[in-house]
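*Asks:* Fold the following for me, if possible:
(chains A and B)
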There are 2 protein chains.
Amino acid sequence: MTGVARWLEQFGTCLAKQDAAGAAALFGAECYWRDLTAFAWDIRTHEGRDAVRGMLAARLAAVRPTGFRITSEKADEAWLAFETALGRGVGHVRLRDGRAWTLLTALRELKGFEEPAGRRRVAVRDEKRFQEPYVVIIGGGQGGIGLAARLKRLGVPAMVVEKNARAGDSWRKRYESLCLHDPVWYDHMPYIPFPDHWPVFSPKDRIADWLEMYVKVMQLDYRTSTECVNARYDGERWHIVLSRDGAQEIVSAPHLVLATGMSGFPYVPQLPGAADFAGTLCHSSRFGSGAAWNGKRCVVVGAGTSAHDICVDLDSHGAQVTMVQRAPSIVVKSAALLKHAWGKLYSEEALEAGITTDIADLTVASLPFKVLPETQRPLYRLIEQEDADFYAALGKSGFLYDFGEDGSGIHSLYLRRGAGYYIDVGASQKIIDGSIALKSGCAVKGFDNRSLVLDDGTGLPADLVVFATGYGSMNEWAARLISREVADRVGICWGLGSSTKGDPGPWVGELRNMWKPTAQPGLWFHGGNLMQSRHYSLYLGLQLKARFEGLFKENA
Amino acid sequence: MTGVARWLEQFGTCLAKQDAAGAAALFGAECYWRDLTAFAWDIRTHEGRDAVRGMLAARLAAVRPTGFRITSEKADEAWLAFETALGRGVGHVRLRDGRAWTLLTALRELKGFEEPAGRRRVAVRDEKRFQEPYVVIIGGGQGGIGLAARLKRLGVPAMVVEKNARAGDSWRKRYESLCLHDPVWYDHMPYIPFPDHWPVFSPKDRIADWLEMYVKVMQLDYRTSTECVNARYDGERWHIVLSRDGAQEIVSAPHLVLATGMSGFPYVPQLPGAADFAGTLCHSSRFGSGAAWNGKRCVVVGAGTSAHDICVDLDSHGAQVTMVQRAPSIVVKSAALLKHAWGKLYSEEALEAGITTDIADLTVASLPFKVLPETQRPLYRLIEQEDADFYAALGKSGFLYDFGEDGSGIHSLYLRRGAGYYIDVGASQKIIDGSIALKSGCAVKGFDNRSLVLDDGTGLPADLVVFATGYGSMNEWAARLISREVADRVGICWGLGSSTKGDPGPWVGELRNMWKPTAQPGLWFHGGNLMQSRHYSLYLGLQLKARFEGLFKENA
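*Replies:* Model (predicted):
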């Protein structure tokens, strides 16, 4: 019997006896149990033995976990399967010195409510057509669409509300040269993976077309050209005012999901003199193409992904471009990230090694957010060494770069504040060789008639100023669509409470308010990148299904 | 060393020495070598040792096959891999008494021209946009679309010409209740399989929508609302007259593929008195829905799939329906076919046993057409026994059924003449219980003002007569679009030369003119059901690619 098998036997025995203390004693002094809706209707990491014991004491009687078994193992870690009173789950455990260091448990399906796939597929047609929605999803990008597909397969009536005229328009309408900066293996939607000739970094219009077809073939109840004006909760149901072509309609449903995009609410600094500026001003989300700016002077404020992409786009159309950078960004070459970060889980090599998309997603989920930085720092030190010439040249250009304030890189920063980095696919070389001019270490102060004025007194004459200054919190959508009171009660969305810039403490160990119950009954937030939307839509879907079928009881 | 391994070693040695006689001696007296474009640029079954020796003597020097190895084996059969001078192939061999009884060899890719999939995928975008076509495909149903997708991945510029306004319309426009009678596992398109909740028997509109999205996401050069008026070959290129919205355009290309559907050319018997008939006459391909015929008298001429489906549709809309059957049809319950025929290769169970769609396709291909009837007859005897009550009741209703003139069932009949059967999904019970009336053993003779008149003198008063009388040969399309002379030179399409009804001899051992060179240079025929279109589009695609890249030499 292997060490993991012995551990799992003891663990299973303790759980069967409802011995919370005994089970907790099988964990190390440093330990993390991450549970994705299997042991509680929540997404939570229990850090330390006391937290583990407390959760088990509260939940074991209701959850009744059984049938723990190893599905594959390697040295001191293993993939697991188990059942609960309500469902079937998978798990992953890592031992250190014979005790659990990390444990992941994830609900995968509800017994008796399995998705109608494979042997369970329908013969000819599912006679249920669109019904009164149980869930209304505001926002029909990849997040809203993926969640609606999950709910479709789970048999939960859901309506998606999208302000644009066509599914995919939130991609289609963005700047011409936009491509995904995450590789294809990371980007699949649920159920219908991209075919295997799909480009590594997908151009935006291909993603847009894919989403449009996905809505159609998944037969989603998807309302285009429709905006949510307001949503009000009466204690049991939402009353959601929708507007289409000037006409209003009220839809009611017990659950409301804001999938408006974690990058859905453009942030533009309010600057003195803007009204007198003779040039054009826009936020990066409104920038279409550099084609109109040949020979013109353009300033791009910001040094994240959009700023870099838009500078390249303007430069390639013959504009004179200046980037204004206030604070350091993380810059990493795309190839370095493929080699050192994504590649082990999301790549052709990983697939050939048997690491399916689902296994990759669960592997990422199995690593507690608390220990993520320490696993990432060595990778970035290695990348800095391997690409030393690149970073020397970038530094010489005046560009301010770092690897995050604790050196833990892009993935950490993304979880903390969702911005502040650039995965280099060519812009950095243009900064190095000067074809994109740079003003770094400066903030914007205001405008005069012809120029953007910086806080060091410099005036940058400009025909166009693009604010690639990011987006507000999803929380702002709750304020706008529901009320400030509800938004304040719910609190900030996203971020881990890492006490780093843009992510105030206290530490919470999970992304705040994402894919799990919030302080406002019936209100949910869904979003993130394609990987997160794909993976966490399952757990959000299962939580909604449990409520739809009456399986969810607040304290059971 | 297993028997198959020993055989393969000897076979490989003979081929390496270009010893055609030695290799042929490794085959049994009864033997079949089916080659799909690997040993010759053709699709052909070589029957008997002499044919095997002759082919090898002619081809070995050019083909230079090497590297034969077993990829999996079971008793006296094995899956193989090998290479030729130009490409890589797979194979399958069955031994009897130590000698080859059947051998399949199939080219899978051309060296240096592999599809850009997996590790070969592009980084961001393939800069090649639509170019002057090398291949023009007439007909944008599943056949034309699937072939265009193959050519897209192979980098061969291809244009698809479709007369309807939207991809999928050839399904969308058919009768409302139409569903595929083949199960989902049999029906996947290349590269993007249906998601695993797709119904077992897909409603027509789902297939239509799937095809429409497929055209889009595969980025095909697909011209809608465009008809081919005429095509003329000048000895090197086709000059193809296209018509769209009344405007004509001439497109030229070295290759022309007719993918107009093996069921694309409606056949309606010319009957005396038709002009005086007061009711409505239509071919089954024009029948939309029974909704307009509530309470009306409707006659459906024919006893194949469309006839049965249309009778059910009319009956369910409250029409009084009579089916007119002239000669016996094969009727098999869908469940019986799933159990005894498809299920072993195309089912969830097969997938779980590791039989992928590709392995299933190759397995079907590995069984020579000559021996197909003898493998099928026992299945149909079993089905007749198991469903004895059903057949007794069907016979009692007057319905004329058989299992093909040699008892070899639906698959044989499909290959011989592509029609004459019904996979029962409910119509037979309605015939049995009389809700669909039946006149059997009668041919139609003509019309009087109010009635369809049969050859036994019966007049059937009718408001609607639907001729579910099938379709002409694809050859007719060549006559219509090119010339009668070319059509005659090419000869009949489809059929094996089985000397059974509708499939005159001599025996040719493959489907005539399908997916392989015809007597008319540059003219190809593509079609068949979804499985055939999927599988054979690869070999047709590789033949076109070899020509496009200059790899094909007429006598090498």
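*Asks:* which one's the longest helix in chain A?
*Replies:* When chain A is parsed with DSSP state H, its longest helix is helix A:530-548.
*Asks:* What average pLDDT does that one get?
*Replies:* Computed over helix A:530-548, the mean pLDDT rounds to 97.
*Asks:* other SSEs contacting that helix?
*Replies:* Counting contacts by 3 or more Cβ pairs under 8 Å, 6 or more residues apart in numbering or on different chains; DSSP states H and E, helix A:530-548 is packed against strand A:99-110, helix A:142-154, strand A:255-258, helix A:357-366. Quick note: C-beta positions are derived from backbone N, CA and C, even for glycine.
*Asks:* Please, where are all the helices along the stretch 351-500 of chain A?
*Replies:* A:357-366, A:372-386, A:388-396, A:409-417, A:427-432, A:475-481, A:484-490 (DSSP state H, counting those that start in this stretch).
*Asks:* Show me what counts as buried in the second one.
*Replies:* Put plainly, it is helix A:372-386. Going by neighbour count (16 or more other Cβ atoms under 10 Å in any protein chain shown), the buried part of helix A:372-386 is A:372-373, A:376-377, A:379-380, A:383-384.
*Asks:* And the last one, by the same measure?
*Replies:* Of all the residues in helix A:484-490, those buried under the rule 16+ other Cβ under 10 Å are A:486-487, A:490.
*Asks:* mind checking how far that helix is from the chain centre?
*Replies:* 22 Å (Cα atoms, centre = their mean, to the nearest Å).
*Asks:* Can you tell me what sits against whichever helix or strand comes after that helix?
*Replies:* Scanning forward in sequence from helix A:484-490 by DSSP states H and E, the next helix or strand is strand A:523-525. Defining contact as Cβ atoms under 8 Å, 6 or more residues apart in numbering or on different chains, one finds that strand A:523-525 is touched by A:233, A:255-259, A:474, A:478, A:482, A:486, A:490, A:493, A:513-518, A:540, A:544.
*Asks:* Turn the buried residues of helix A:484-490 into TSV, columns for distance to chain B.
*Replies:* Compiled in TSV, those are given as follows (distance: Cβ to the nearest Cβ, whole Å):
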residue	distance to chain B
A:Val486	36
A:Ala487	37
A:Val490	34
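*Asks:* I'd like those as TSV, with pLDDT appended.
*Replies:* Below are the buried residues of helix A:484-490 laid out as TSV (pLDDT from 0 to 100):
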residue	pLDDT
A:Val486	97
A:Ala487	96
A:Val490	96
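*Asks:* List the residues that contact A:Leu154.
*Replies:* A:Leu154 neighbours (Cβ under 8 Å, 6+ apart): A:113, A:115, A:541-542, A:544-545.
*Asks:* same thing but 7 Å
*Replies:* Contacts for A:Leu154 (Cβ atoms under 7 Å, 6 or more residues apart in numbering or on different chains) come out as A:113, A:115, A:541, A:545.
*Asks:* A:His188 too?
*Replies:* A:194, A:357, A:534.
*Asks:* Get me the contact residues on chain A for chain B.
*Replies:* Residues of chain A lying close to chain B (Cβ under 7 Å from any Cβ of the partner chain) are A:115-119, A:121-125, A:153, A:179, A:191-192, A:195-201, A:203, A:209-210, A:213, A:216-217, A:348.
*Asks:* Narrow the residues you listed to those in helices?
*Replies:* A:153, A:209-210, A:213, A:216-217, A:348.
*Asks:* quick one: which of these is nearest B:Asn164?
*Replies:* A:Lys216 (17.5 Å; Cβ to Cβ).
*Asks:* can you count the residues close to the closest one?
*Replies:* 17 (other Cβ atoms under 10 Å in any protein chain shown).
*Asks:* Which strand or helix spans the nearest residue to A:Gln18 once chain neighbours are set aside?
*Replies:* Counting by Cβ to Cβ, 6 or more residues apart in numbering or on different chains, A:Gln18 lies nearest to A:Leu60, which is 4.6 Å off, once chain neighbours are set aside. In this assignment (DSSP H and E), A:Leu60 forms part of helix A:49-63.
*Asks:* Measure how that helix sits relative to strand A:99-110, angle-wise.
*Replies:* 30 degrees (axes from the mean of the first three to the mean of the last three Cα atoms, to 10 degrees).
*Asks:* which helices and strands sit right next to the helix or strand following helix A:49-63?
*Replies:* Using DSSP H and E, the next helix or strand after helix A:49-63 towards the C-terminus is strand A:66-74. With contacts taken as 3 or more Cβ pairs under 7 Å, 6 or more residues apart in numbering or on different chains; DSSP states H and E, strand A:66-74 sits against helix A:3-16, strand A:77-83.
*Asks:* Of the ones you listed, which stretch is the most buried?
*Replies:* For the helices and strands packed on strand A:66-74, the largest average neighbour count (mean count of other Cβ atoms under 10 Å in any protein chain shown) is found in strand A:77-83, namely a mean of 19.
*Asks:* tell me what that strand is packed against?
*Replies:* Using 3+ Cβ pairs under 7 Å, 6+ apart, strand A:77-83 sits against strand A:66-74, strand A:87-96.
*Asks:* can you put those in CSV and add mean pLDDT and mean neighbour count?
*Replies:* Output for these, formatted as CSV (pLDDT from 0 to 100; neighbours: other Cβ atoms under 10 Å in any protein chain shown):
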stretch, mean pLDDT, mean neighbour count
strand A:66-74, 97, 13
strand A:87-96, 98, 21
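*Asks:* sorry, back to before: could you dump the helices and strands packed on helix A:530-548 to TSV with distance to A:Lys17?
*Replies:* Output for the helices and strands packed on helix A:530-548, formatted as TSV (distance: least, Cβ to Cβ, whole Å):
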stretch	distance to A:Lys17
strand A:99-110	18
helix A:142-154	33
strand A:255-258	37
helix A:357-366	26
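*Asks:* Run through the stretch 151-300 of chain A and note the low-pLDDT ranges.
*Replies:* A:262-264 (pLDDT under 70).
*Asks:* Now it against chain B: closest residue?
*Replies:* A:Met213 (3.3 Å; Cβ to the nearest Cβ).
*Asks:* returning to that earlier point: which one of the contacts of A:His188 is nearest A:Ser243?
*Replies:* Using Cβ to Cβ, these come closest to A:Ser243 at A:Arg534, 30.1 Å.
*Asks:* if I pick that closest one, what's in contact with it?
*Replies:* Contacts of A:Arg534 by Cβ under 7 Å, 6+ apart are A:146, A:188-190, A:361.
*Asks:* neighbour-wise, which of those residues leads?
*Replies:* Taking other Cβ under 10 Å as the neighbour criterion, A:Gly146 ranks highest of the contacts of A:Arg534 with 29 neighbours.
*Asks:* What lies in contact with stretch A:220-236?
*Replies:* Taking Cβ under 7 Å, 6+ apart as the rule, stretch A:220-236 contacts A:130, A:133, A:138, A:140, A:145, A:148-149, A:152, A:158-167, A:215, A:238-245, A:248, A:254, A:256, A:481-482, A:522.
*Asks:* What ranges does the stretch 151-300 of chain A have for its helices?
*Replies:* A:169-172, A:204-217.
*Asks:* The longest one - contacts with which helices or strands?
*Replies:* Looking back up the chat, that one is helix A:204-217. Checked by 3+ Cβ pairs under 7 Å, 6+ apart, helix A:204-217 has helix A:142-154, helix A:169-172, helix B:204-217 packed alongside it.
*Asks:* Just want the angle from that helix to helix A:142-154.
*Replies:* Going by the same axes, to 10 degrees, helix A:204-217 is angled at 20 degrees with respect to helix A:142-154.
*Asks:* Put the alpha carbons of helix A:204-217 into CSV.
*Replies:* Once non-C-alpha atoms are left out, helix A:204-217 reads as follows in CSV (Å, rounded to 0.1, in the frame of the first residue of the first chain):
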residue,chain,number,x,y,z
LYS,A,204,-10.3,38.4,-32.1
ASP,A,205,-12.6,37.9,-35.0
ARG,A,206,-12.1,34.1,-34.9
ILE,A,207,-13.1,34.1,-31.3
ALA,A,208,-16.1,36.3,-32.1
ASP,A,209,-17.3,34.0,-34.8
TRP,A,210,-16.7,31.0,-32.6
LEU,A,211,-18.9,32.5,-29.9
GLU,A,212,-21.6,33.3,-32.4
MET,A,213,-21.8,29.8,-33.7
TYR,A,214,-21.5,28.4,-30.1
VAL,A,215,-24.7,30.3,-29.1
LYS,A,216,-26.5,28.9,-32.0
VAL,A,217,-25.5,25.3,-31.8
